[in-house]
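Mind looking at a prediction? Sequence and model below.
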Amino acid sequence: MTSLDLKAPAAGEALSSPAGGPPRRRRLRIPDRLRRGGLPYLLLLPALALELLIHLVPMVVGIVMAFKELTQFYIRDWGSAPWAGFDNFRVAVDFDAPIGAELLHSFWVTCTFTVLAVGFSWLFGVTAAILMQEGFRGRGVLRAVFLTPYALPVYAAVITWAFMFQRDNGLVNSALGGDSFWLIGENSFWALTIVAVWKTWPFAFLMLMAGLQNIPRELYEAAAIDGAGIWQQIRRITLPSLAPVNQVLVLVLFLWTFNDFNTPYLLFGKGAPEAADLVSIHIYDSSFITWNFGSGSAMSALLLLFLLLVTAVYLLLTSRGRKGADA
């Protein structure tokens, strides 16, 4: 009885063809452990490198600048600027001094603006999403129209609004039959809020419309049989089912709106009116108008700490609420 040689050929060794044809070569395979465990991280490495280069490195540099006395005299070689310690932070939070008082005013303006913009964006988004659930002629066209503000480039959209808010020949005053100043004075806050809501609510509409697709229609049919009206269905079925979507949506809208720089900058230019002086514009003015980059970096670091704190508290409260509801 002839013994068989079961020894496997080495990697890359030629294999004989059973039909006497040309030899086949063994295919080199990635080891299972690398393919299952390390390959996903390897594929994420380019994205992580870009994230490190674009976001994390400038963030660290900005935090370092917050501890330096960095003014226009050290722009060419900011590394040689003297260390200021926590002096920039003390000046920023000294609310009895002019710099601290202006920052506090800007903070409250930003909080009010964020609450209004996020609230109305969510309200318009959930209303439109609920209305779009029912089938009717032209629903697809209407959805596309609703998503147009979100699809437009922000620069083109905001500059168009700036022309519409012009006092003498703007569309807003022509439609209202007045001659109000919308880009200066107290009205500037409402002009900024209108543009922010117009630009943001389609994203809320898109997210909520996707969330509504996961709610079984049988729940509404059973509620209608039990005599529940449209408002009771929204309160008892729609809103509770959208809670996970709203948890993420509200946080994203809050972070986007509180950090918004493009909208006020394009609408008002470098110097925003006092009524619309958001924190983002105020930090920009402190850095690039007064040339005090150390102070502006300290304000940016304080803003980062505030947003991290609000995010942590929000996630903690919402997660506890969801655990309590599940229990």
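Perfect, I can see it now. Residues are numbered from 1 along each chain as shown.

Quick check, central residue of the protein?
Closest residue to the average C-alpha location of the chain: residue 256 at 3.9 Å, with C-alpha atoms, centre = their mean.

What helix or strand is that one located in?
Counting by DSSP states H and E, the element that carries residue 256 is helix 243-258.

I'd like the distance between residue 185 and residue 179.
Using C-beta to C-beta, to the nearest Å, residue 185 is found at 13 Å from residue 179. No exception for glycine: its C-beta is placed from N, CA and C like everyone else's.

what's residue 185 in contact with, if anything?
Contacts for residue 185 (C-beta atoms under 8 Å, 6 or more residues apart in numbering) come out as 273, 275.

gap between it and residue 122?
28 Å.

now do residue 297
33 Å.

likewise residue 141?
24 Å.

higher neighbour count, those two?
residue 122 (21 against 9; other C-beta atoms under 10 Å).

Can you report how many residues neighbour the spatially closest residue to the more buried one that is not a sequence neighbour?
Leaving aside its sequence neighbours, residue 122 sits nearest to residue 204 (C-beta to C-beta, 6 or more residues apart in numbering; 5.3 Å). Residues near residue 204, counting by other C-beta under 10 Å, number 27.

what's the answer for residue 198, then?
Neighbours of residue 198 using other C-beta under 10 Å come to 18.

circling back: so the residue nearest to residue 122 lies in a helix, does it not?
Yes - the assignment for residue 204, made by DSSP: H, G, I helix; E, B strand; the rest coil, places it in a helix.

Please tell me I have it right and it contacts residue 121.
Yes - using C-beta atoms under 8 Å, residue 204 makes contact with residue 121 at a distance of 4.9 Å.

what touches both of the two?
residue 253.

Tell me who's in contact with the closest residue to the residue nearest to the centre of the chain other than its chain neighbours.
Among residues not flanking residue 256 along the chain, residue 200 sits closest, at 7.0 Å (C-beta to C-beta, 6+ apart). Residue 200 is in contact with 117-118, 121, 253, 256-257, counting by C-beta under 8 Å, 6+ apart.

got it, and residue 191?
161, 165, 182-183, 267, 276.

Poorly predicted segments of the protein, please.
Within the chain, the stretches with pLDDT under 70 are 1-37, 321-327.

So what's the residue count around residue 215?
By other C-beta under 10 Å, neighbour count at residue 215 equals 15.

check which helix or strand covers it.
Using DSSP H and E, residue 215 falls outside every helix and strand.

I'd like the distance between the closest residue to it other than its chain neighbours and residue 133.
Nearest residue to residue 215, sequence neighbours excluded (C-beta to C-beta, 6+ apart): residue 241, at 4.7 Å. Plainly put, residue 241 is 12 Å away from residue 133 if you go by C-beta to C-beta.

Just the buried residues of whatever helix or strand residue 320 lives in, please?
Element membership for residue 320 (DSSP H and E) is helix 293-326. Within helix 293-326, the residues scored as buried using 16 or more other C-beta atoms under 10 Å are 293-303, 318.

and it with helix 243-258, angle?
Counting by axes from the mean of the first three to the mean of the last three C-alpha atoms, to 10 degrees, helix 293-326 lies at 170 degrees to helix 243-258.

who does helix 293-326 touch, helix- and strand-wise?
Applying 3 or more C-beta pairs under 8 Å, 6 or more residues apart in numbering; DSSP states H and E, we find helix 293-326 packed against helix 57-66, helix 87-92, helix 243-258, helix 279-288.

following the shortest one, which helix or strand shows up next?
Tracing the chain C-terminally past helix 87-92 and defining elements by DSSP H and E, one meets helix 98-131 next.

I'd like the next helix or strand past that next one.
Next along from helix 98-131, by DSSP H and E: helix 139-151.

okay, that following helix in CSV with CA atoms only?
Provided in CSV are the C-alpha atoms of helix 139-151 (Å, rounded to 0.1, in the frame of the first residue of the first chain):
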residue,chain,number,x,y,z
ARG,A,139,-45.4,64.6,-1.9
GLY,A,140,-42.1,63.9,-3.5
VAL,A,141,-41.8,67.4,-5.0
LEU,A,142,-42.7,68.9,-1.6
ARG,A,143,-40.1,66.9,0.1
ALA,A,144,-37.4,68.0,-2.4
VAL,A,145,-38.5,71.7,-1.8
PHE,A,146,-38.3,71.2,2.0
LEU,A,147,-34.7,69.9,1.7
THR,A,148,-33.5,72.7,-0.6
PRO,A,149,-32.2,75.0,2.2
TYR,A,150,-30.1,72.1,3.5
ALA,A,151,-28.7,71.2,0.1
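
Show me which parts of it are buried, residue by residue.
143, 146, 149-150.

cool, and stretch 264-277?
For stretch 264-277, a neighbour-count test (16+ other C-beta under 10 Å) marks 264-268, 272-273, 275-277 as buried.

contacting residues around that stretch?
Under C-beta under 8 Å, 6+ apart, the answer for stretch 264-277 is 102, 105-106, 109, 113, 154-155, 158-159, 161-162, 165, 183-189, 191-192, 195, 278, 280-281, 284-285, 288-289.
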